[in-house]
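J.: Attaching a predicted model along with its sequence, questions to come.
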Amino acid sequence: MAALRVSIYCPWCKRHSSITPAITQVSDPYGYERKIEAFCVWEREHNEIWWIGVCSYCDKPVLVLNAGNEIYPHPLPSPSDERIPEKIRKDLDEAKLCFSVKAYRASAVMARRALQTACIDKGASKGKNLAEQIKELADKGMITQDLKNWADVVRFVGNDAAHPTENEVSEDDAKDIIDLAEQFMHVIYVAPAIANGRRKKRKK
């Protein structure tokens, strides 16, 4: 049981914490008047072990399969960097939340929405579609060709999710475009904020 330990963003206290096996007391199997400490474990066939874990921060329980293959209640996704503007960060966090409950199409749509909001925030014309907005930022030198390519991937997977096409959005699809969208935000918002902070400290 020592190996059964996972790290999650706790759904109860909303903090990064480790989940360790809960310990309970059971009666001595040989009839002695004493209690024995035991882990809360249910072993099934096919190497399935379900166990009750306890958050190291808030002491509330979760149900865990093996080394974290399934966890209930679902762990919350890690929040996006606070240096990303709030209206964009909310969309990105909602994309992650959808992903955490396996709503992959919804996740892709929200990642696309976060991207479009970021494009408009950076000066792209509101009346254009997302493809045109991405191109506009690239033409103005606001984003590099690599960032444009990332944005286009988020756009077309998001389009597949938003419209009734035959193209499915898999778990891998959704994860990849969330990662791309978040990295896009880090390049255009987080990295400049870090650099500006360093410059200010150097001037002082």
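T.: It's in.
J.: Grab the nearest non-local neighbour of Tyr102.
T.: No, residue 102 isn't Tyr; it's Lys. Excluding its sequence neighbours, the residue lying closest to Lys102 (Cβ to Cβ, 6 or more residues apart in numbering) is Glu171, at 7.3 Å. For every residue, glycine as well, the C-beta is placed using N, CA and C.
J.: Show me the helices in the chain, by range?
T.: In the chain, the segments counted as helices under DSSP state H are 86-100, 104-121, 130-139, 145-162, 171-185, 191-203.
J.: Next, the buried residues of the fifth one.
T.: In this case it means helix 171-185. For helix 171-185, the neighbour count (16 or more other Cβ atoms under 10 Å) marks Asp173, Ala174, Asp176, Ile177, Ile178, Leu180, Ala181, Glu182, Phe184, Met185 as buried.
J.: Which member of the residues you listed is positioned nearest Pro79?
T.: Using Cβ to Cβ, Glu182 comes nearest to Pro79 of those, at 11.0 Å.
J.: now that closest one: how far from Met110?
T.: Distance, Glu182 to Met110, using Cβ to Cβ, to the nearest Å: 12 Å.
J.: list residues touching both of the two?
T.: Residues touching both Glu182 and Met110 (Cβ atoms under 8 Å, 6 or more residues apart in numbering) are Leu92.
J.: Point out where the chain drops to low pLDDT.
T.: Applying pLDDT under 70 to the chain picks out residues 1-4, 26-38, 204.
J.: And the longest strand along it, what does it pack against?
T.: For the chain, the strand with the greatest residue count under DSSP state E is strand 48-55. Contacts defined by 3 or more Cβ pairs under 8 Å, 6 or more residues apart in numbering; DSSP states H and E place strand 48-55 against strand 16-21, strand 41-44, strand 61-65.
J.: Which secondary structure elements does the shortest one sit against?
T.: Identification of packing neighbours for strand 41-44 by 3+ Cβ pairs under 8 Å, 6+ apart yields strand 48-55.
J.: Show me which positions of the strand it packs on end up buried.
T.: If you call a residue buried by 16+ other Cβ under 10 Å, then strand 48-55 has these buried ones: Trp51, Ile52, Gly53, Val54, Cys55.
J.: Quick check: the residue nearest to Lys102 touching Tyr104?
T.: Yes: between Glu171 and Tyr104 there is a contact under Cβ atoms under 8 Å: 5.9 Å.
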